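Undergrad: fold the following for me, if possible:
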Amino acid sequence: MISKTSESAAAALADVADGATIMIGGFGLAGQPMQLIDALLEQGATDLTVVSNNAGNGDTGLAALIGARRVRKIVCSFPRQTDSHIFDALYRSGGIELELVPQGNLAERIRAAGAGIGAFFTPTGFGTALAEGKETRTIGGRDFVLEHPLFADVALISAYRADRLGNLTYRKTSRNFGPIMAGAAATTVVQVDRVVEAGDLDPEAVVTPGIFVNRIVVTGDRFDREEWADVR
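TA: The predicted structure is shown next:
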């Protein structure tokens, strides 16, 4: 019987290589896969490129990964926040590289990777430092800059429920970057509150089809261990 559930977060991330590009879902702390990030921290991979909406909050999650000097470069839209002191200090000292991408462009570059789009023109960023060195074009009287897809070796995302085949549902704003990141990575690892049997999810509520999910880690407090044994 097919099941994509992993025994642990550590097992799901055991093969992440040094130098990998990692997409991490979340909008601030909403939907950030904290348990998977903690497992990646324990796993030891280094020299990582991280694609995320921001550069971490406080001292936990992505901020802790950056603080451990495991991230060589971050691609994000909001690197600076009131509690982004770890990233701020490293960036000012030259300890981390930043590629700043407007949020709409970031989402579209990720989506383009999953959709097989070679590149796309956008007006966002034209005429600014973010467009330096990039191809530009005037189309229909408007100026555009060419942007390329963002691919990843691994995507770490959070969802609400999964069935054992990897079909996913989300809760409200926790959905954010998860669905497009799942389509843009060679391997997608998702943490969920609960795994159910195939067919138990309403097909109309499934946002991410299981074809985009490789490994499932159950992290929710509402999960019953005996129930998991039945669906593995």
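
Undergrad: do you have the strands of the chain handy? List them.
TA: 21-24, 48-51, 71-76, 97-100, 120-122, 136-139, 142-147, 152-158, 161-163, 168-169, 185-192, 194-196, 215-218 (DSSP state E).

Undergrad: could you name the helices and strands sitting against the second one?
TA: The one in question is strand 48-51. Counting by 3 or more CB pairs under 8 Å, 6 or more residues apart in numbering; DSSP states H and E, the packing neighbours recorded for strand 48-51 are strand 21-24, helix 62-67, strand 71-76. (Each C-beta comes from the backbone N, C-alpha and C, glycine too.)

Undergrad: quick check: neighbours of it in the sheet, parallel or antiparallel?
TA: Taking DSSP bridges as the criterion, strand 48-51 forms sheet pairs with strand 21-24 (parallel), strand 71-76 (parallel).

Undergrad: any idea which of the strands of the chain gets closest to Leu13?
TA: Taking CB to CB, strand 185-192 is the member of these nearest to Leu13, at 6.5 Å.

Undergrad: how many degrees apart are the closest one and strand 152-158 in direction?
TA: If you take axes from the mean of the first three to the mean of the last three CA atoms, to 10 degrees, strand 185-192 sits at 10 degrees to strand 152-158.

Undergrad: buried deepest among the strands of the chain, which one?
TA: A comparison of these by mean neighbour count, using mean count of other CB atoms under 10 Å, puts strand 152-158 on top with a mean of 27.
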